[in-house]
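Enquirer: the sequence and its predicted three-dimensional model are supplied below.
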Amino acid sequence: MALFGSGKAKYSTIKISRSSAKKRDIPEGLWLKCRSCSRTLYKKELEKNLSVCPHCNYHAPLTVTERIKLLTDEGSFQEIDKELKSVDPLKFVDSKKYTDRLNTYEKVTGANEAVTCGVGTIEGKKFAIGVMNFSFFAGSMGSVVGEKITRMLEKALELKVPAVMVTASGGARMQEGILSLMQMPKTCAALDRLAEAGLPYIVILANPTYGGVTASYATLGDINIAEPGAMVGFAGPRVIQETINASLPEGFQTAEFLLEKGLIDRVVDRKKLRKELTLCLEYFGK
């Protein structure tokens, strides 16, 4: 079964064999199976519901385009620094060349990096926004990701508008070594300048958000909002459990668990996210 959506999607496409498709005239991919509750779902109805399962409320990943459409007024988004692309300064090779991996992700996703940044409005309120793309290299943070986010924050500073960041990442991009890790203090420094100017920074944590992204700009929001069930942490539960050799609490690293512990301020259903963001921007604008 092919996965529906991007990243850690829990919907799988129900495939129809060619012979049965001819008899019933049913196109492939018309029906989807939620891999959280295993219910069969009509694809178009699921898309109308913002890729949220109507039975178990599982939030499947959205594409960058869908996310921008949800969080900005129609036609208001203007992308910045679209031309920036990763290079291979370390000439890194594992089972494949780093450059070959980058080319593959470009072809598969149609994007040239794991984050899209720009400026838009929501209910007429202008703000800068960055949206991470888990489908591109697991949303990993390389030099270009850090640079684009830093420039987005600097654009917010230039325009004197709030900044919003939507995260979905596996963490730092190992193929760039220390250059990737340098993006953590770099983005944090940009956030510090934003804070000094009294401009708000709001984070929306989508599933999953891990590693150096969590340890930097993903958890430094004036308000940290998460979607229901989003997994957020530094290392994964399995790694932690094997390291400390102890059982982890139920729901460990879920948005709901972290809300209870104080790391996250709000857990907001995707269908209410636009209204929530609008209210936050109105509050900070007073």
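Expert: Alright, I've got the coordinates.
Enquirer: the residue nearest to Val108 when sequence neighbours are not counted: neighbour count?
Expert: The shortest distance from Val108 to any non-neighbouring residue, by C-beta to C-beta, 6 or more residues apart in numbering, is to Ser135 (7.4 Å). C-beta coordinates here come from the backbone N, C-alpha and C atoms, glycine included. Neighbours of Ser135 under the rule other C-beta atoms under 10 Å: 21.
Enquirer: again with Glu227
Expert: For Glu227, using other C-beta under 10 Å, the count is 21.
Enquirer: and what of the one 5 residues further on?
Expert: As a burial measure, the neighbour count of Val232 was computed by other C-beta under 10 Å and equals 24.
Enquirer: the one 10 residues further on too?
Expert: Glu242: 11 surrounding residues under other C-beta under 10 Å.
Enquirer: center of this protein - which residue?
Expert: Against the mean C-alpha coordinate of the chain, by C-alpha atoms, centre = their mean, the closest residue is Ala168 at 2.8 Å.
Enquirer: now do the SS call for that one.
Expert: Look at Ala168: counting by DSSP: H, G, I helix; E, B strand; the rest coil, its state is strand.
Enquirer: what helix or strand is Lys116 on?
Expert: To be clear, residue 116 is Thr; Lys isn't right here. strand 115-122 (DSSP states H and E).
Enquirer: list the buried ones in stretch 124-136?
Expert: Using 16 or more other C-beta atoms under 10 Å as the test for burial, stretch 124-136 gives Lys125, Lys126, Phe127, Ala128, Ile129, Gly130, Val131, Met132, Asn133, Phe134, Ser135, Phe136.
Enquirer: from Ile149, how far out is the residue nearest to the fifth one when sequence neighbours are not counted?
Expert: Counting by C-beta to C-beta, 6+ apart, the nearest residue to Ile129 once its immediate chain neighbours are dropped is Val164, at 4.6 Å. If you measure Val164 against Ile149 using C-beta to C-beta, to the nearest Å, the figure is 11 Å.
Enquirer: quick one: the residue nearest to the centre of the chain and Asn133 touch, right?
Expert: Yes - between Ala168 and Asn133 there is a contact under C-beta atoms under 8 Å: 7.3 Å.
Enquirer: re the thing from before, tell me the helices and strands packed up against the strand holding Thr116.
Expert: helix 64-71, strand 78-80, strand 125-132, helix 143-159, helix 270-284 (3 or more C-beta pairs under 8 Å, 6 or more residues apart in numbering; DSSP states H and E).
Enquirer: related to what we said a few turns ago, which SS class is the residue nearest to Val108?
Expert: Under three-state DSSP, Ser135 falls in the coil class.
Enquirer: can you check which of the helices and strands packed on strand 115-122 gets nearest to Asn57?
Expert: helix 270-284 (9.3 Å; C-beta to C-beta).
Enquirer: overlap in contacts, Val164 and Ile149.
Expert: Overlap of the contact sets of Val164 and Ile149 (by C-beta atoms under 8 Å, 6 or more residues apart in numbering) consists of Gly130.
Enquirer: what sits in contact with each of Ala168 and Asn133?
Expert: Common neighbours of Ala168 and Asn133 (C-beta under 8 Å, 6+ apart) are Gly139.
Enquirer: Ile264: which element?
Expert: Secondary structure from DSSP H and E places Ile264 outside every helix and strand.
Enquirer: contacts only, for it.
Expert: Ile264 makes contact with Leu205, Asn224, Ile225, Ala226, Val232, Ala255, Leu258 under the criterion C-beta under 8 Å, 6+ apart.
Enquirer: what about it, distance to Phe136?
Expert: 25 Å.
Enquirer: grab the nearest non-local neighbour of Ser169.
Expert: Leaving aside its sequence neighbours, Ser169 sits nearest to Gly139 (C-beta to C-beta, 6+ apart; 3.7 Å).
Enquirer: list the contacts of Glu227.
Expert: With contact set as C-beta under 8 Å, 6+ apart, Glu227 has these partners: His59, Ile204, Leu205, Ala206, Asn207, Ala255, Val267, Val268, Asp269, Arg270, Leu273.
Enquirer: show me the beta-bridge partners of the nearest residue to it once chain neighbours are set aside.
Expert: Leaving out its chain neighbours, the residue that sits closest to Glu227 by C-beta to C-beta, 6+ apart is His59, at 4.9 Å. Note on His59: beta-bridge partners by DSSP bridges are Val52.
Enquirer: His59 and Pro208 touch, don't they?
Expert: No - His59 is beyond contact range of Pro208, at 11.6 Å (criterion: C-beta under 8 Å).
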